[in-house]
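> Next comes the sequence, and after it the predicted model I'd like to discuss.
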Amino acid sequence: MKRLINIRPSRGGRWLLGALPFVLLGLVYLGLSRARLAANPNERLLPAPSTMLETFHQLATEASVRTGTIPLWGDTLASLERLGLGVAISALIGLTIGLLTGGLPLLRAKLSPLVTVLSLVPPMAILPVLFIAFGTGEMAKVALIVIGVTPFLIRDLQSHALRLPDEQLIKAQTLGANSWQVLLRVLLPQLTPRLLASTRLALGSAWLFLIAAEAIAAQDGLGYRIFLVRRYLAMDVILPYVAWITLLAFLLDRALARVSQRAFPWYHAEEGDAS
């Protein structure tokens, strides 16, 4: 008898099993929505799917009277610009410091305690400080993402560097490599795919910081739109926007995964279907 632990679904089976929870959640929502609408046709907490689709279509096709832009695409572009800039800066800083602290014990002794402490500071707690320091413009929103994501990337990359076999470093030095050559020729190629994997894990937090910053001080963006309509209990706007954010996050995650698999196939050789 084949053990459950050894049963692996086919590619099509994985898609079906992955879609099953979403189908079940959709059926549960549809049942609850119909029940509440039957009791109260003006129910706004759980709008019908047709109502949400109609609203989403309007947001995606009709220009705003106030700004002259189409709300969905304007909000999406603004949020993706902030998110992309914040994550890119975080990745650059994280890779640089993670590489140096992972490869140079002197720097690790100096910077590791500081990075550890910074990683424990709740980024949302210093959001008012950022608004005071940078104002309510784009800088504060990007800075919140950088402050929230960078310490995680640094610690993860440093830990990965320390887990690499010592034999690699010894062999490189035996062949005459100096410190910078070891960092750039031995550590950097192995930390780069790890950076992509860590960035995928950090995207959820980056979205959280972005939405929070846009909700407090912004004139556009996905988070701004959600909190703008919350006072009207406009769930037909909020729920589609949440689903849209989730779809964008999923696509970004898949894009990073595909880039990593194409650029560093050796890194994923033993992952199977985990990614």
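Yep, that arrived.

> drop to CA atoms for contacts and neighbour counts, all remaining ones
Will do.

> where does the residue nearest to residue 160 when sequence neighbours are not counted land in three-state SS?
Once flanking residues are discounted, residue 160 sits nearest to residue 191: 7.3 Å by C-alpha to C-alpha, 6 or more residues apart in numbering. When classified by DSSP: H, G, I helix; E, B strand; the rest coil, residue 191 comes out as helix.

> shouldn't residue 191 be in contact with residue 99?
Yes. With contact defined as C-alpha atoms under 8 Å, residue 191 and residue 99 form a contacting pair (7.5 Å).

> shared neighbours, the two?
Common contact partners of residue 191 and residue 99 (C-alpha atoms under 8 Å, 6 or more residues apart in numbering): 157, 161.

> These two: which has the busier surroundings?
residue 99 (24 against 21; other C-alpha atoms under 10 Å).

> so that one, which of the three states?
Under three-state DSSP, residue 99 comes out as helix.

> how close does it get to residue 176?
20 Å (C-alpha to C-alpha, to the nearest Å).

> next one: residue 159
26 Å.

> Over to residue 234?
66 Å.

> And these two? Which one has more around it.
Of the pair residue 234 and residue 176, residue 234 is the one with more neighbours under other C-alpha under 10 Å, namely 18 against 11.

> List the contacts of the closest residue to that one other than its chain neighbours.
Distances taken as C-alpha to C-alpha, 6+ apart put residue 44 closest to residue 234, at 6.9 Å, once the chain neighbours are dropped. Contact partners of residue 44, counting by C-alpha under 8 Å, 6+ apart, are 233, 234, 235, 236.

> Among those, name the buried ones.
234, 235, 236 (16 or more other C-alpha atoms under 10 Å).

> the helices in this protein, which residues?
Assigned by DSSP state H, the helices in the chain fall at 11-39, 49-61, 71-103, 105-120, 127-134, 138-163, 166-174, 179-182, 188-216, 222-229, 235-263.

> Please identify the deepest-packed of the ones you listed.
helix 138-163 (a mean of 22; mean count of other C-alpha atoms under 10 Å).

> Now residue 151: closest residue in space, sequence neighbours ignored.
Of all residues beyond its chain neighbours, the one nearest residue 151 is residue 119 (5.1 Å), with distances taken as C-alpha to C-alpha, 6+ apart.

> Was I right to think that neighbour contacts residue 152?
Yes. Counting by C-alpha under 8 Å, residue 119 touches residue 152, with 6.4 Å between them.

> now stretch 237-248, how far from the centre of its chain.
15 Å (C-alpha atoms, centre = their mean, to the nearest Å).

> Sorry, slip of the keys, the one I care about is stretch 30-37.
32 Å.

> Many thanks, we can stop here.
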